[in-house]
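> Need the 3D shape of this:
(chains A and B)
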Amino acid sequence: SQTIHQWPATLVQPVGSPLSLECTVEGTSNPNLYWYRQAAGRGLQLLFYSVGIGQISSEVPQNLSASRPQDRQFILSSKKLLLSDSGFYLCAWSPRGNNQPQHFGDGTRLSIL
Amino acid sequence: LAKTTQPISMDSYEGQEVNITCSHNNIATNDYITWYQQFPSQGPRFIIQGYKTKVTNEVASLFIPADRKSSTLSLPRVSLSDTAVYYCLLQGSARQLTFGSGTQLTVLP
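I've put the predicted structure just below:
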């Protein structure tokens, strides 16, 4: 069966520090991969999605970037974190195809001090 | 871009059937309607997906009228553990839409 791993579960970082969140998927090949952010009490905002290695699409301009160095690895990064980057970050995968349901990881709670 | 509208919150009692309706007046021909459930501090979990008419699985039913401009998620005999946020999402391409705020369902004893 397919599983998705996302770490760390919680992270506290000072303003201006770098960020690297990692997500890996097991049990499937060529998945679509996604990064979302969720502010407290709000819905999910799509940040990035990828349909293949090295193929990244950004949905909103921001202080973050994403990379997909391997088929089942998706990384969310920042060179300098801002206070506004605080939130709950979720990685998801779906099978190839336009209408496939997404499957989410357990998320990373990021607090910027 | 297509947009969905749901009630912000709903209350129910244990053992009742709960129906949550989602409006999507601008749904595209290739859009599928997908519902997710989210508990606090967890990622959303896929519940059910449909294109038209009725879809049923072991946890829910999804009713979609012929014009597809709305859909209703039906949860039979809810329990306290069904308290969660429920999101309706239109999926038509790899580029997914913002989930929106969803519907907070609270099941009371």
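> okay, now B:Thr53: neighbour count?
Applying the criterion other Cβ atoms under 10 Å in any protein chain shown, we find 11 residues in the vicinity of B:Thr53. C-betas here are computed from N, CA, C, even on glycine.
> How about the one 3 residues further on?
Around B:Thr56 there are 13 other residues, counting by other Cβ under 10 Å.
> Distance of it relative to B:Trp35?
13 Å (Cβ to Cβ, to the nearest Å).
> list residues touching both of the two?
Among the neighbours of B:Thr56, those also in contact with B:Trp35 (Cβ atoms under 8 Å, 6 or more residues apart in numbering or on different chains) are B:Leu62.
> Helix, strand, or coil at B:Thr29?
Here B:Thr29 is coil, with the state taken from DSSP: H, G, I helix; E, B strand; the rest coil.
> same deal with the one 4 residues further on?
Judged by three-state DSSP, the three-state class of B:Ile33 is strand.
> beta partners of it?
B:Gly50, B:Leu90 (DSSP bridges).
> Starting from A:Arg68, give me the distance back to it.
Counting by Cβ to Cβ, the gap from B:Ile33 to A:Arg68 is 28 Å.
> the strands in chain A, which residues?
With DSSP state E as the criterion, chain A has strands at A:3-7, A:10-13, A:19-26, A:32-38, A:44-52, A:55-58, A:65-70, A:73-78, A:87-94, A:103-104, A:108-112.
> Up against chain B, what does chain A have?
With Cβ under 8 Å from any Cβ of the partner chain as the criterion, chain A comes near chain B at residues A:32, A:34, A:36, A:41-46, A:49, A:51, A:57, A:59, A:88, A:90, A:92, A:98-107, A:109.
> Buried among those? Make that a ChimeraX selection.
Here is the ChimeraX command that selects only those of the residues of chain A next to chain B that count as buried (16 or more other Cβ atoms under 10 Å in any protein chain shown):
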select /A:32,34,36,43,44,45,46,49,59,88,90,92,99,100,101,102,103,104,105,107,109
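> check contacts around the nearest residue to B:Ser70 once chain neighbours are set aside.
Sequence neighbours aside, B:Ser23 is the residue nearest to B:Ser70 in space, at 5.0 Å (criterion: Cβ to Cβ, 6 or more residues apart in numbering or on different chains). The neighbourhood of B:Ser23, defined by Cβ under 8 Å, 6+ apart, consists of B:Thr4, B:Thr5, B:Gln6, B:Lys69, B:Ser70.
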